[in-house]
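**Q** return atomic coordinates for the entry below.
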Amino acid sequence: MKGRLGRFAAFATALALAVTGTVTVTSASASQPAGPQEGAVLVQGMHDALAAAADAGDVAQAKSTLTELEPLLAELESGQRYAVKDSSRALAADAGAEAATTHQQLDELFPAGEQARDLPSVAALLNALVQRLLLALSSLVNDLLGGLPAAA
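**A** Numbering: from 1, shown residues only. Modelled structure (predicted):
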């Protein structure tokens with residue numbers, strides 16, 4: 001019971017961060033790119049939502065999050081909507097490639113409208129598929145926030 005409540009709280013927090021970040025970014029001036037912090041908030045929200053979906057074994061939510069994440073990573077990579085340094089752009093490109101690969105693997109394993117196959121635990125499989133992407137997103141958030149040192 002506590003685990004489900006904790007996951008729900010984490011998901012609600014991630015959703016609130018994503019919505020807040022979206023409002024912040026869309027309210028920015030159209031002629032001036034948003035700062036790296038706005039991008040970091042959105043990426044962190046997507047990271048948390050994807051982790052929550054993986055923990056819950058919710059393939060549909062994971063696919064939905066990936067569908068929202070891929071254009072965001074492309075915008076970070078291009079540097080047109082977000083004013084980010086070159087290292088962040090490179091990390092966004094890497095994370096974007098990883099997101100596309102993960103999305104493709106999910107589509108192959110769990111085609112839309114098809115009954116779940118006899119696979120190992122969906123949550124375990126989903127977690128295994130998204131781990132590299134989650135690490136890439138964490139690295140990107142860290143770089144967008146100025147490369148804050150890891151807590152000891």
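**Q** quick one: T65 is in a strand?
**A** No - counting by DSSP: H, G, I helix; E, B strand; the rest coil, T65 falls outside a strand, being helix.
**Q** what residues are up against it?
**A** By Cβ atoms under 8 Å, 6 or more residues apart in numbering, the contact set of T65 is M46, A49, L50, A53. For the C-beta atoms, the positions are set from N, CA and C on the backbone; glycine is no exception.
**Q** gap between the helix or strand containing the last one and the chain center?
**A** In this case it means A53. Using DSSP states H and E, A53 sits in helix 36-56. Relative to the chain's own centre, helix 36-56 is displaced by 4 Å; criterion: Cα atoms, centre = their mean, to the nearest Å.
**Q** tell me the mean pLDDT for it?
**A** Averaged across helix 36-56, the pLDDT comes to 93.
**Q** how about the strands in the chain?
**A** With DSSP state E as the definition, the chain shows no strands.
**Q** ok, A56 touching A123?
**A** Yes - A56 lies in contact with A123 (Cβ atoms under 8 Å); the separation is 6.7 Å.
**Q** now do the buried residues in stretch 91-110.
**A** 91-96, 98-100, 102-103, 106, 109-110 (16 or more other Cβ atoms under 10 Å).
**Q** pLDDT weak spots in this protein?
**A** 1-31, 113-121, 148-152 (pLDDT under 70).
**Q** sitting in helices, which of the buried residues of stretch 91-110 do you find?
**A** Among the buried residues of stretch 91-110, the ones falling in helices (DSSP state H) are 91-96, 98-100, 102-103, 106, 109.
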